[in-house]
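*Asks:* Provided below for reference: sequence and predicted model.
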Amino acid sequence: MRAFELAGRVALITGASSGLGQSLARALSELGARVAVVARRADRLDALAGQIGGLAIAADLMDPAQPAAIVASVAERLGPPEILVSAAGNIFGRNRAEDETPDDIERTLRLNLIAPFRLAQEVFPHMREVGRGSIIHISSISGHVGIPGIPQASYAASKLGLSGLTAELAVQWARHCIRVNTVAPGFFRSEITESLYDDEKGGEWLRRNTPLPLSASAEDFVGAVLWLASDAGRYVTGQTIVVDGGWTAR
């Protein structure tokens, strides 16, 4: 179990004001990491940082200048980041593919794909200097299977793009012992999916299409990320790990 310990390591997590990102921040802190949490909602971040003894950085990743500023702040105040978890993401618009607006497409790609890439570029020199690092992109099964009734073409493209980015960065940066992986969750209760879970038909649809007879929570997702972030996953890189209760195995 010592391989999972993260004492003394600096972790940076985006999308940490709620859901999976918040749960991951708590878990990394419990294993000894010094955690910087990033999101737009400063009040939530401040509360979380106070609870885990971390660093709160309120920032909007839609701003191209923010990745560099965020990483510089973390390096100055906590130390060089050795763990990056890009969990921030969103769906802009709910239109079918033929009706998605150019603005919605661009915003989706900017937040879900370009921002994680830019953050990875910014942490790279710090990880190279330390001699190790783990970059974990949070994706979605939407990038691997079409989901009837939920139009999300640009979202799916952005999430599958993370898998391609992961494989390429993993190969390029392996010589520096920097590992890059993606975790693709299925349906978990979150702010984005809350209405689906609360709807009777939606809940039945989820149960019918998920082989495991369990209702997933953020805690069911945390273990995979901790494995990849720690030395327990030191020989794993370039992979997309699916955590979906068997959804994509049907």
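*Replies:* Looks like it came in fine. All values derive from a computational prediction rather than experimental measurement. Numbers count the residues shown, from 1 in each chain.
*Asks:* quick one: list the elements packing against whichever strand or helix holds Gly164.
*Replies:* Gly164 belongs to helix 153-173 when assigned by DSSP states H and E. Judged by 3 or more C-beta pairs under 8 Å, 6 or more residues apart in numbering; DSSP states H and E, the packing partners of helix 153-173 are helix 102-109, helix 115-130, strand 133-138, strand 178-185. (Each C-beta comes from the backbone N, C-alpha and C, glycine too.)
*Asks:* pick the most buried one from the ones you listed.
*Replies:* Ranked by mean neighbour count under mean count of other C-beta atoms under 10 Å, the helices and strands packed on helix 153-173 are led by strand 133-138, which reaches a mean of 27.
*Asks:* next, the angle from that one to helix 153-173.
*Replies:* Here strand 133-138 points in a direction 170 degrees away from that of helix 153-173 (axes from the mean of the first three to the mean of the last three C-alpha atoms, to 10 degrees).
*Asks:* contact partners of strand 133-138?
*Replies:* 15, 20-21, 81-87, 89, 116, 120, 123-124, 126-127, 162, 165-166, 169, 176-183, 185, 225, 228-230, 233 (C-beta atoms under 8 Å, 6 or more residues apart in numbering).
*Asks:* next one: it to chain centre, how far?
*Replies:* Here strand 133-138 shows a centroid-to-chain-centroid distance of 8 Å under the convention C-alpha atoms, centre = their mean, to the nearest Å.
*Asks:* partner strands of it, parallel or antiparallel?
*Replies:* strand 83-86 (parallel), strand 178-185 (parallel) (DSSP bridges).
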